[in-house]
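S.K.: just coords:
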RNA sequence: CGGGAAGUAGCGCAGUCCGGUAGCGUACCUGGUUUGGGACCAGGUGGUCGCAGGUUCGAAUCCUGUCUUCCCGACCA
């Protein structure tokens, strides 16, 4: 994929072109109607919208960029030789939600959105699944956040998509969070924006499309999946600061002695590509620094004072378990490198264990409701496959189908609500 | 868009019922003592009480209007 940037403003007529897409986003758009302000003649020092500066066509602040990008793709794609077209954009988008939630659903948010065009359906589907796996891998290996890869039910599908794949994460309060999506758009946008290419047989065909994105919501996921009452707990791989070293001393003499040990250690850690800070700011006391770095989630803290110098040791505290242990200063850099890896794994394992304990098979409606109110988490239950039933469950239990897991086992059963026959279980949860 | 709550010092709040010189904690500044889990003592700086009207000798406080924010719901990445 290559990075590109498209305009923030989308003419209203562009957004209208793909019907499902337009319908889905119409109710949450910020709209530019004028291009000028002027001094308010009635209120000194105040400005008003200049009624003479009304736009002929309103501009929509992009809620997503399919419309403007596919308008452009029409000019960029003529031949099978132009395909696949693989573009990624880092951008802000605006969705005027009725209610916002910090990090999870803000009116403006940052994301990356990929938009690809392909010659065949299979190639596009492959791309869709590939990007889902990229997201899943990032969540699991870097954020230490286990996710369920799945596919959305029809009603949860992206506006304009044929299929929406997703990764779903579980937060510590038992609620699910959609952490990323990857859409197979079929030929919907190609048809809406008239994007055709000549194939090798010189026949005109509509191109096949995908789009996919993850947003600053991932920050919210990171916070809610790992934090405790003392603040953030960041997985080492993405922690801006992996190790902080706090000196404990009385007077300059002791400080110099500690410096002698710490400065070479800092150099060693940096040589191992470890992000380390020697927090020898004299304005804050050790206790303050401990609390501060814990709140910010620094994975490992080293504390070194006169007492440690005598024994040639250093106190090593890990943020995730709050465990403190003294190690010899000899070979400490290696110990820390290994500890960072251990923490990364431990955080993932902890989150995974929690999630596994919170996927509950349920076959009885009363039990279903009881579990949602109490234990929370994902409920694996049979569903008759209809949107009506899905809506009814949402209405009654405030739970939605988070996804139908990929590689789901086929199993005969009866719908949790209607008792109608079902071929597989799906995952329900209350979600953010 | 419905229901609730709140706007007073940088931040967190009390004071409003019952009108009478603007308070507390924290932060900040100065000096001193401190430094192994968010130090202590002393002194000090800082606020047109969201905004606009009204009642009154006098309004943070009473009345009217208005704006904003947060929470809960419906909507959604």
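M.R.: Ah, there it is. A quick note: this is a predicted structure, and the numbers were derived from the prediction, not measured.

S.K.: what is the neighbour count of the closest residue in space to residue A:145 that isn't next to it in sequence?
M.R.: Leaving aside its sequence neighbours, residue A:145 sits nearest to residue A:139 (C-beta to C-beta, 6 or more residues apart in numbering; 4.6 Å). In this view, the C-beta of every residue, glycine as well, is placed from N, C-alpha and C. Residue A:139 sits with 24 neighbouring residues when counted by other C-beta atoms under 10 Å.

S.K.: got the phi and psi for residue A:111?
M.R.: Here is the backbone geometry of residue A:111 (degrees, to the nearest 10): phi -160, psi 180.

S.K.: how about the lengthiest helix in chain A: buried residues?
M.R.: Ranked by residue count and defined by DSSP state H, the top helix of chain A is helix A:332-357. Neighbour counts over helix A:332-357 (16 or more other C-beta atoms under 10 Å) mark A:332-333, A:335-337, A:339-340, A:343-344, A:346-348, A:350-351, A:354-355 as buried.

S.K.: that older thread, SS state for the residue nearest to residue A:145?
M.R.: helix (DSSP: H, G, I helix; E, B strand; the rest coil).

S.K.: okay, it: pLDDT?
M.R.: What the model reports as pLDDT for residue A:139 is 98.

S.K.: which residues does the spatially closest residue to residue A:239 that is not a sequence neighbour contact?
M.R.: Leaving aside its chain neighbours, residue A:239 sits nearest to residue A:299 (5.4 Å; criterion: C-beta to C-beta, 6+ apart). Listed by C-beta atoms under 8 Å, 6 or more residues apart in numbering, the contact set of residue A:299 reads A:233, A:234, A:235, A:236, A:239, A:242, A:243, A:318, A:319, A:320, A:340, A:343.

S.K.: the same query, at a cut-off of 10 Å, please.
M.R.: For residue A:299, the contact set (C-beta atoms under 10 Å, 6 or more residues apart in numbering) comprises A:233-237, A:239, A:241-244, A:275, A:293, A:317-320, A:336, A:339-340, A:343-344, A:347.

S.K.: could you do residue A:373 as well?
M.R.: By C-beta under 10 Å, 6+ apart, the residues touching residue A:373 are A:397, A:398, A:430.

S.K.: show me which residues of the stretch 1-150 of chain A are close to RNA strand B?
M.R.: By C-beta under 7 Å from any atom of the strand, the residues of the stretch 1-150 of chain A that approach RNA strand B are A:27-28, A:95, A:97-102, A:104-107, A:109.

S.K.: nearest residue to the middle of chain A?
M.R.: residue A:218 (2.8 Å; C-alpha atoms, centre = their mean).

S.K.: what sits closest to that one if chain neighbours are left out?
M.R.: Distances taken as C-beta to C-beta, 6+ apart place residue A:179 nearest to residue A:218, at 6.2 Å, with adjacent residues excluded.

S.K.: centre of the chain to the helix or strand harbouring the one you found, how far?
M.R.: Assigned by DSSP states H and E, residue A:179 falls within strand A:176-186. Relative to its chain's centre, strand A:176-186 lies at 10 Å (C-alpha atoms, centre = their mean, to the nearest Å).

S.K.: next, the angle from it to helix A:332-357.
M.R.: 80 degrees (axes from the mean of the first three to the mean of the last three C-alpha atoms, to 10 degrees).

S.K.: is there any residue in strand A:176-186 that contacts RNA strand B?
M.R.: Yes - for strand A:176-186, a contact with RNA strand B is found by C-beta under 7 Å from any atom of the strand, at A:178, A:181.

S.K.: for the stretch 101-250 of chain A, what spans make up the helices?
M.R.: A:121-137, A:188-193, A:217-226 (DSSP state H, counting those that start in this stretch).

S.K.: confidence-wise, which of the ones you listed is weakest overall?
M.R.: helix A:217-226 (a mean of 93).

S.K.: that older thread, contacts only, for the residue nearest to residue A:145.
M.R.: Taking C-beta under 10 Å, 6+ apart as the definition, contacts of residue A:139 comprise A:145-147, A:149, A:167, A:169, A:179-180, A:214, A:218, A:221-222, A:225, A:348.

S.K.: again, but for residue A:130
M.R.: A:182, A:210, A:212.

S.K.: for RNA strand B, what are the nearby residues on the stretch 201-350 of chain A?
M.R.: Counting by C-beta under 7 Å from any atom of the strand, the stretch 201-350 of chain A sits next to RNA strand B at A:215-217, A:230-231, A:248-251, A:282, A:285-288, A:290-292, A:294-295, A:303-309, A:315, A:317, A:322, A:324.
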